[in-house]
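**Q** Provided below are the primary sequence and the corresponding predicted coordinates.
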Amino acid sequence: MHQAGIVTPQQSHTYMAALDVKTDSRDELVALLRAWTQAAARMTRGDTAAALATPDDQPAPDSADMLGLGASGLTITFGFSPGLFKRSEGRDRFGLAARRPAALVDLPRFNGDQLVPEKTGGDLMTQACANDARVAFHAVHQLARMGTIANVTTIRWGQAGFLSGPKGQTARNLMGFKDGTNNPPTAQRKAMSQFVWADGADVVWMKGGTYTVVRRIRITLEHWDTMELGFQEQVFGRHKYSGAPIGKKNEFDPVDLDAVDKDGNTVIAENSHVRLSNHMTNSGMQILRRSYSYNDGTNFYIERWPPRGIRRPSMTRG
Ligand code: HEM
């Protein structure tokens, strides 16, 4: 069985949060996970997390801000971090150390990383996706509230995201490019078994699950806006308006990394995003992307770009 919100067609909004587990009691953690499962089932049916009938002198059991909005396609997906399985100070916190799938490890440091501690890490992941921003937020709000009342979790970070595009078409990111074109096809079970669903070969409980990487990537739009169209297209290796690979006409034309122009230069630049991330460059491996745009009250256009003394980058071609 698979969790919802992974190969589910992408909804227009997400609210994702990471929580830290405060308790050392395995029973308390299990009890919260069970309560979350029931609350998630209610909410994905369009209901409140808890029944609303409560005596007037008790706190209202649910914020109820989503009343009237229905389920709005809500999916709720839960994830466990490597930290939950770790031994610390010689202690196996929840008795899970032997059950950690080998692939569930923290990411290594990447070139250019500027990780913000307040937006990094956590023990448990909750991802709510819905076609309404309020419904997505409400779901995580209630789960976080339940964890707090039970004295089992505290919220570590939360992140809202949005995405929109004409029905049936690939949505664009904030840089104006279609994003998601070359995802492995979610409707093809074979591709999903190969690239998304774990087979549970090392730990059985992982069968049918998957590994999620969450990265908040800052896009300096004020910088990007000064780039010539042709440069922007080389950065990705695709044409901006059609979404076609450079040198091709249609969005879903195959990416040909071997194509060269009349001077023998590669048509898709050597350091273009598509070349670096394509399966041909990565031993046939593919990932399913479910990216969302976000806006955190950005500082674009508050500062002059490029700041004095910084030269515009140039793109090298092979
Ligand atoms: C600001 C960050 C990023 C932006 C704006 C971005 C945008 C894009 C765009 C426009 C495409 C081409 C269209 C498509 O096939 O979807 C693409 C392809 C892709 N991206 Fe990203 N991307 C970002 C970061 C990443 C990261 C961090 C990864 C993985 C670690 C990644 C993995 C991929 C993959 C696997 C493809 C498909 C390449 C292919 O097979 O042709 N992207 N991305």
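**A** Looks like it arrived, so ask away.
**Q** I'd like to know how many residues surround the residue lying closest to residue 211 once chain neighbours are set aside.
**A** For residue 211, ignoring the flanking residues on the chain, the nearest one in space by C-beta to C-beta, 6 or more residues apart in numbering is residue 103 at 6.0 Å. In this view, the C-beta of every residue, glycine as well, is placed from N, C-alpha and C. Burial of residue 103 is recorded as 11 neighbouring residues (other C-beta atoms under 10 Å).
**Q** element containing residue 103?
**A** Under DSSP states H and E, no helix or strand contains residue 103.
**Q** Write out the residues of the stretch 101-250 of the chain neighbouring the ligand.
**A** Residues of the stretch 101-250 of the chain lying near the ligand by C-beta under 6 Å from any ligand atom: 173, 175, 177-182, 215, 217, 219, 236, 238.
**Q** Give me the buried subset of these.
**A** For those, a burial check counting by 16 or more other C-beta atoms under 10 Å picks out 175, 177, 178, 179, 180, 181, 182, 236, 238.
**Q** Name the pair among the residues you listed with the greatest separation in space.
**A** 175 and 182 (16.3 Å; C-beta to C-beta).
**Q** who are the neighbours in contact with residue 39?
**A** Residues in contact with residue 39 (C-beta atoms under 8 Å, 6 or more residues apart in numbering) are 49, 50, 142, 143, 146.
**Q** quick check: mean pLDDT across the host helix or strand of it?
**A** Assigned by DSSP H and E, residue 39 belongs to helix 26-44. Helix 26-44 carries an average pLDDT of 98.
**Q** So what are the sheet partners of the helix or strand just after that helix and their directions?
**A** Remark: after helix 26-44, the chain's next helix or strand is strand 75-80, criterion DSSP H and E. With DSSP bridges as the test, strand 75-80 is paired with strand 124-130 (antiparallel).
**Q** gap between the strand it pairs with and the chain center?
**A** In terms of C-alpha atoms, centre = their mean, to the nearest Å, the centre of strand 124-130 is set 9 Å apart from its chain centre.
**Q** Could you tell me the angle between that strand and helix 26-44?
**A** 0 degrees (axes from the mean of the first three to the mean of the last three C-alpha atoms, to 10 degrees).
**Q** Most proximal residue of the stretch 201-318 of the chain with respect to the ligand?
**A** residue 277 (3.4 Å; C-beta to the nearest ligand atom).
**Q** Neighbours of that residue, how many?
**A** Residue 277 - counted by other C-beta under 10 Å - has 15 other residues nearby.
**Q** re the thing from before, of the contacts of residue 39, which is the nearest to the ligand?
**A** Nearest to the ligand among these, with distances taken as C-beta to the nearest ligand atom, is residue 143, at 26.8 Å.
**Q** Helices along the stretch 201-318 of the chain, start to end?
**A** Using DSSP state H, counting those that start in this stretch, the helices found in the stretch 201-318 of the chain span residues 221-224, 229-236, 273-277.
**Q** Before we move on, what's the pLDDT of residue 301?
**A** For residue 301, the predicted pLDDT is 68.
**Q** Ignore what I typed, I meant residue 86.
**A** 85.
**Q** Residue 83 now?
**A** So, for residue 83, pLDDT stands at 90.
**Q** do residue 98 as well
**A** Value listed for residue 98 in the pLDDT field: 94.
**Q** In contact with the spatially most central residue of the chain: list those residues for me.
**A** Geometric centre of the chain, nearest residue: residue 214, 4.8 Å, by C-alpha atoms, centre = their mean. By C-beta under 8 Å, 6+ apart, the residues touching residue 214 are 16, 18, 125, 159.
**Q** Looking at the residues you listed, which are in strands?
**A** Secondary structure from DSSP state E places 16, 18, 125, 159 of these in strands.
**Q** which among those residues gets closest to residue 66?
**A** Among those, and counting by C-beta to C-beta, the member closest to residue 66 is residue 16, at 17.4 Å.
**Q** if I read this right, that closest one contacts residue 158, doesn't it?
**A** Yes: with contact defined as C-beta atoms under 8 Å, residue 16 counts as touching residue 158 (7.0 Å).
**Q** And the two? Which one has more around it.
**A** residue 16 (23 against 16).
**Q** Against the ligand, how distant is the closest residue to residue 171 other than its chain neighbours?
**A** Once flanking residues are discounted, residue 171 sits nearest to residue 165: 3.4 Å by C-beta to C-beta, 6+ apart. Distance, residue 165 to the ligand, using C-beta to the nearest ligand atom, to the nearest Å: 12 Å.
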